[in-house]
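Visitor: Turn this into a structure:
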Amino acid sequence: MATDQLGWLQSLDQKLERSGFSARTGIYHSLHQLGHDHQIPTQTNLNIATYVLSHFPGTAAESRLALIDSITDSRLTYAQLRLSVHSFASALHHAIGIQKGDVVFVLSPNSLLYPIICLSVLFIGAVLTTANPLNTRPEIAKQVYDSNAKLIISSPEQAHKFESTTLPVLITTRSASPNDNVVTVEELIEAGDPLGVPEVEVEVEEGDTAAVLYSSGTTGVSKGVVLTHGNLVAVTRLLRWTVDVSSAREDVFLCFIPMFHVYGLAFFGLGLFSVGVTVVVMPKFDFKAMLQVVERCKVNNMPGVPPLLLGLVKTENDRNLSSLKRVGSGAAPLSKEVAAKFREKYPWVELREGYGLTETSGATSYFVSDDDAKAHHGSVGQLLPGICAKVVDAETGEALPPNRKGELWLKSPTVMKCYLGNKEATAATIDKEGWLRTGDLCYIDGDGFIYIVDRIKELIKHNGYQVAPAELEALLLSHTKILDAAVVPVPDEETGQIPMAFVVRAANSELTEEQVIDFVASQVAPYKKVRRVSFIDAIPRSAAGKILRKELLSQTQSLASKL
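Guide: Model prediction:
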């Protein structure tokens, strides 16, 4: 990391409480140390792809499997993965002309090609931006424009979404109806130098932009989170440490989490290959197929999300899941009840919760011990090494001691550089000292375990995706028969939360719930759809015109009690 960050971390206050809290500074420090093998790199010429490749298994172990396709059973060794990255990186740079700083837009489901594409783009100093394949054409076009993309890399079935752009589109694989004039990613890899030596000389600094990942905001405007090479090296270093302390280096990991998401990108697009584990890739999540893959491929480790755990708790199956050793949970809150039922049903499996944000390049807290996880139900673990926190009172700005509730602030080498082209949003999120305001209400107990109580931000978490209420409200207000609208989250056992709309109809309108739901569904990605509608006479607002969401949330509870 940069010299100033390294110096800051080395000068941490040593007079800490058991929780890691310093009464003098009001800062919580991590209770864990990285150790010699995972120290922060001090050089400034950091390239995340080079860093990952440099930690591939040695020559004697390069026959180890890196990737397995869960459907076709296609396989890549680490030697083949290295060769593929070098070949495609050379093709991008020389044949296609992608230069340092050029933005490459990737739209594809999970595949064996996805990490190759990510590592290749980053290897030549280009910038990676990814999107959800479920996003609509307007949503895609907006991101293409905002990110200033120079090249599109798309799966065949998604390529039609770029017809309105003038950018070149590189298809990942040939479709069922091949076009002889189309050159694919697969073919560029196969045509690469058999020696696998990339003739690419690009100097990358740790502060250079590596990725722009889009995270919805409460304003309804999707913001590009700018992550640097230094950010991604730092989070990869933490991932290597968590794998080591969990003794998971020989594990087989299952990837069904989308690689376009920071969770999937940090784990399966980049980080895990620096450890040398085997990754089984599922193109999309399918519960029954997942169980079959766990059994067939002897999966040991499965980073997941709360809906997956709920499915494992509720669904009876005859698959042999005895190979599982660890299941993780992130991207959304996990209830104490589901966690307890999971441990009761699968007592041999370690359940580890974690917490992170797109703005922190991924995880910032984690359980390193299963005993700790069992003893601290509802917690998201302790701060990872090198990460500091404050719990800040929203009204006074006071940094609070253990067991006091306030907003979680974080500071670490993994914190984003900025929001792309949005100085105002950046300043509102990161203060002058580098502290990131997470927008989450929390407390930290006397042992340093973090408990997320509620979201101060108004984002709705649906199946791990972020849904901005203001975006849906703006869409609803465009309907000619809707006078006013507000969207709030409603708890849902299977998906975490669902968007519910409160709607004020125009006079004499007979607009129905179904019509409102269909109107929204036709214009947004499926995970953003409004799932319930309630018609009311007026939206409660403050004197300044701000929606009083607490009043609406109390109404949702009243409605739920009548169902």
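
Visitor: Over to Ser111. Which of the three states is it?
Guide: The three-state assignment at Ser111 reads coil, by DSSP: H, G, I helix; E, B strand; the rest coil.

Visitor: wait, I meant Val233
Guide: From three-state DSSP, the assignment for Val233 is helix.

Visitor: The chain should start at 485 in everything you say after this.
Guide: Shifting the count to begin at 485 puts that one at Val717.

Visitor: so it sits right up against Leu530, yeah?
Guide: Yes. Val717 is within contact range of Leu530, at 5.1 Å (criterion: C-beta atoms under 8 Å). In short, each C-beta sits where N, CA and C put it, glycine included.

Visitor: Show me whatever sits in contact with both of those two.
Guide: Residues touching both Val717 and Leu530 (C-beta atoms under 8 Å, 6 or more residues apart in numbering) are Glu690.

Visitor: Give me the more crowded residue out of the two.
Guide: Comparing Val717 with Leu530 by other C-beta atoms under 10 Å, the one with more neighbours is Val717, at 27 against 24.

Visitor: who are the neighbours in contact with the more buried one?
Guide: Neighbours of Val717 in contact, by C-beta under 8 Å, 6+ apart: Pro525, Leu530, Ile532, Tyr535, Glu690.

Visitor: Mind pulling up the pLDDT for it?
Guide: Looking at Val717, its pLDDT is 94.

Visitor: and it, how far is that from Val686?
Guide: 16 Å (C-beta to C-beta, to the nearest Å).

Visitor: ditto for Lys895
Guide: Lys895 sits 30 Å away from Val686, taking C-beta to C-beta as the criterion.

Visitor: Looking at the two, which one has more neighbours?
Guide: The neighbour count for Lys895 versus Val686, taken as other C-beta under 10 Å, is higher for Lys895 (23 against 17).

Visitor: Quick one: residues contacting that one.
Guide: By C-beta under 8 Å, 6+ apart, the residues touching Lys895 are Ile871, Cys872, Ala873, Lys874, Glu917, Gly918, Trp919, Leu920.

Visitor: again, 6 Å this time
Guide: Cys872, Gly918, Trp919 (C-beta atoms under 6 Å, 6 or more residues apart in numbering).

Visitor: Pull out the buried residues from those residues.
Guide: Neighbour counting with 16 or more other C-beta atoms under 10 Å marks Cys872, Trp919 as buried within the contacts of Lys895.

Visitor: which residue packs closest to the spatially most central residue of the chain, ignoring adjacent ones?
Guide: The residue lying closest to the centre of the chain (C-alpha atoms, centre = their mean) is Val746, at 2.8 Å. Sequence neighbours aside, Thr842 is the residue nearest to Val746 in space, at 4.5 Å (criterion: C-beta to C-beta, 6 or more residues apart in numbering).

Visitor: Gly840 is in what secondary structure piece?
Guide: strand 834-841 (DSSP states H and E).

Visitor: Residues contacting that strand, please?
Guide: With C-beta under 6 Å, 6+ apart, strand 834-841 has contacts from 810-814, 818, 826-827, 846-851, 854, 857, 864-865.
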